[in-house]
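[1] Structure, please.
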Amino acid sequence: MSPMMRLSSQTLPQLPETIEKPGYDRTKVTIGIVHLGIGAFHRAHQAVFTDDVLARDLSWGICGVSLRSAETRDALAPQDGLYTLKVQDGQGAHLRVIGSVVETLVAPENPQAVLARMSDPATRIVSLTVTEKGYCHNPATGALDENHPDVLHDLENPAAPKSAVGFLVEALARRRAAGVPAFTLLSCDNLPSNGHVLKRVVTRFAEMRDPGLAAFVADVASPSTMIDRIVPATTDADRTAIAAALGVEDAWPVVTEPFRQWVVEDDFPLGRPAWEAAGVVFVADVSAFETMKLRLLNGSHSTLAYLGFLAGAETVAEAMALPGMEELIEGLMREEVSPTLPSLAGFDLPAYRQALIDRFRNPALRHRTWQIAMDGSQKLPQRLLGTIRDRIAAGASHDRLVLGVAAWMRYARGIDEAGKPIDVRDPLAARIAVATQQLNDPEKIVAAFLGFAEVFGEDLRADAPFRGRLVDTLSRLLSDGSAAVLQAWRDRGGSR
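    Model prediction:
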């Protein structure tokens with residue numbers, strides 16, 4: 001049996017008419033955006049919004065940069081950057097080929113090519129989806145971690161950086177030296193005030209290199225954004241099904257849900273694509289939207305991921321089907337998170353909460369709990385701990401939020417409820433293992449976790465009632481198991 005042909009510019013015209021294809025001449029597209037961290041999320045979100053409007057201005061093609069692995073480049077380069085987007089829910093699926101990514105680079109292989117592309121005057125936006133840990137910052141304070149190994153490396157080797165921060169500052173230094181205006185920094189990661197966080201870390205890094213450079217960097221536009229779309233990891237079964245529908249092989253398609261949202265502060269001195277024509281909402285201040293999303297969607301996602309994984313649920317939909325989970329998550333959003341949110345005039349908050357429940361239930365998306373559970377030490381400060389601080393300040397209950405934190409502690413120790421090892425992916429995984437794995441007393445385990453000031457800060461560590469609730473909740477998880485704890489929530493009607 002002959003091997004199947006690959007998706008490419010050559011095979012694109014041969015695809016079935018039911019497959020949506022780019023509505024513009026890709027041979028005329030030039031690069032205006034460099035994106036650091038070209039993973040599945042970017043290709044299901046920002047690259048799609050750009051694809052939607054590229055016909056209006058062909059100068060906004062994307063150069064996607066992998067900062068670590070060559071995997072994405074190796075998949076997409078033989079396909080001329082083309083890939084399939086599969087949008088699916090319980091009602092069916094729609095396939096579309098995305099063409100906005102016209103170049104892929106691998107930073108460790110050729111940092112100079114990446115820096116040259118970022119320094120090119122045609123590049124007017126550099127966007128990022130590098131996850132929370134990619135900012136080399138202290139998640140509890142938002143400040144640059146000046147002792148981070150990549151930061152230290154990039155200070156010593158500015159022309160051959162490893163980190164996103166190092167690449168951004170070196171490219172800006174080269175543009176400054178050449179008299180080229182600075183590109184716009186566009187963070188698309190799940191961080192509160194992500195544009196401000198990015199600006200803070202790059203400005204501090206530039207200051208450590210050269211005060212004159214820091215003054216230039218301090219004037220760079222860095223709008224904050226709120227992004228939302230659920231994008232599970234692509235599976236071999238996804239590849240097989242998509243190849244069957246296309247009639248050609250696609251080495252790395254992406255699968256997602258119909259829902260998508262992008263709210264952006266409109267600050268682009270060198271211009272931007274007409275993203276508003278694709279549904280992007282431009283605002284003066286995105287903070288209220290990002291707080292809502294981080295606390296409602298992401299906080300709920302993390303909570304159900306840890307509890308669901310511990311109870312044996314492989315996917316979000318399976319976790320939502322566990323007795324007590326939906327009651328817990330609905331109560332978490334309605335009673336504990338929503339009262340902490342800023343006002344959004346005209347926004348239907350109950351409808352948004354219900355939409356989240358419906359999205360979590362989507363059986364067509366096999367979004368793995370293990371995938372969401374990654375990097376918890378970086379995520380919890382934004383997703384749960386900020387909400388807990390607000391509830392403590394208001395003298396209000398926060399038992400469901402504490403359950404999410406305790407479930408992370410139970411998970412992050414690296415041993416599941418059957419005594420088998422968990423593949424914990426987290427920058428603090430090794431330190432957590434050393435600090436906690438030999439402990440059996442819940443009080444000592446909680447004390448060890450609270451010792452990570454970069455996660456909990458000094459305030460939560462010193463809060464005796466918060467510590468007591470954590471100890472009590474973790475004790476129940478350790479003695480009864482996640483499924484039983486969830487069932488207890490259901491038996492109580494979703495209330496403590």
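[2] From residue 304, how far off is the residue lying closest to residue 42 once chain neighbours are set aside?
    For residue 42, ignoring the flanking residues on the chain, the nearest one in space by Cβ to Cβ, 6 or more residues apart in numbering is residue 129 at 4.7 Å. Every C-beta, even on glycine, is put in place using the N, C-alpha and C of the backbone. Distance, residue 129 to residue 304, using Cβ to Cβ, to the nearest Å: 22 Å.
[3] Pick out whichever of the two has more residues nearby.
    A count of neighbours by other Cβ atoms under 10 Å puts residue 304 above the other of residue 129 and residue 304, at 27 against 22.
[4] Name the helix or strand for that one, please.
    Using DSSP states H and E, residue 304 falls within helix 299-310.
[5] swap in residue 220?
    Judged by DSSP H and E, residue 220 forms part of no helix or strand.
[6] I'd like to check what contacts stretch 445-456. Which residues are they?
    By Cβ atoms under 8 Å, 6 or more residues apart in numbering, the residues outside stretch 445-456 that reach it are 138-141, 145, 377, 380-381, 385, 409, 412-413, 428, 431-432, 435-436, 439, 460-461, 467, 470-471, 474.
[7] Just the buried subset of those, written out for ChimeraX, thanks.
    In ChimeraX, this line selects whichever of the contacts of stretch 445-456 come out buried by 16 or more other Cβ atoms under 10 Å:
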select :138,139,140,145,377,380,381,385,409,412,413,428,432,435,436,460,461,467,470,471,474
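[8] in this structure, what spans have low per-residue confidence?
    Scanning the chain for pLDDT under 70 picks out 1-3, 493-496.
[9] Would you map the strands across it?
    Under the criterion DSSP state E, strands of the chain are mapped to 31-36, 61-66, 83-89, 92-98, 101-106, 125-128, 184-187, 225-228, 254-256, 261-265, 281-283.
[10] Quick check: which of these is nearest to residue 312?
    strand 254-256 (23.1 Å; Cβ to Cβ).
[11] Need the contact partners of that closest one.
    Contacts to strand 254-256, defined as Cβ under 8 Å, 6+ apart, come from residues 40, 43-44, 83-88, 229-232, 234, 238, 365.
[12] do stretch 357-365 as well
    By Cβ under 8 Å, 6+ apart, stretch 357-365 touches 88-90, 93, 230, 232, 255-257, 259, 300-301, 304, 315-317, 319-321, 326, 329-330.
[13] Could you pick out the buried ones from the residues you listed?
    Here, 16+ other Cβ under 10 Å leaves 88-89, 230, 232, 255-257, 300-301, 304, 315-317, 319-320, 326, 329-330 buried among these.
[14] Ok, which of the strands of the chain comes nearest residue 50?
    strand 61-66 (6.2 Å).
[15] Tally up the residues packed near residue 24, please.
    18.
[16] neighbours of the closest residue to it other than its chain neighbours, just the number please.
    Spatial nearest neighbour of residue 24, excluding adjacent residues (Cβ to Cβ, 6+ apart): residue 55 at 4.0 Å. Residue 55 has 13 neighbouring residues, counting by other Cβ under 10 Å.
[17] Share the number of residues neighbouring residue 134, please.
    Residues contacting residue 134 under the criterion other Cβ under 10 Å number 21.
[18] where's the closest residue to it other than its chain neighbours relative to residue 189, distance?
    With sequence-adjacent residues excluded and distances taken as Cβ to Cβ, 6+ apart, residue 134 is closest to residue 164, at 5.2 Å. Noted for residue 164: a distance of 10 Å to residue 189, by Cβ to Cβ.
[19] and what of residue 335?
    Going from residue 335 to residue 189 by Cβ to Cβ gives 28 Å.
[20] Give me the more crowded residue out of these two.
    Neighbour count, other Cβ under 10 Å: between residue 335 and residue 189, residue 189 has more, with 22 against 18.
[21] doesn't residue 134 make contact with the more buried one?
    Yes: if you go by Cβ atoms under 8 Å, residue 189 and residue 134 touch, sitting 7.3 Å apart.
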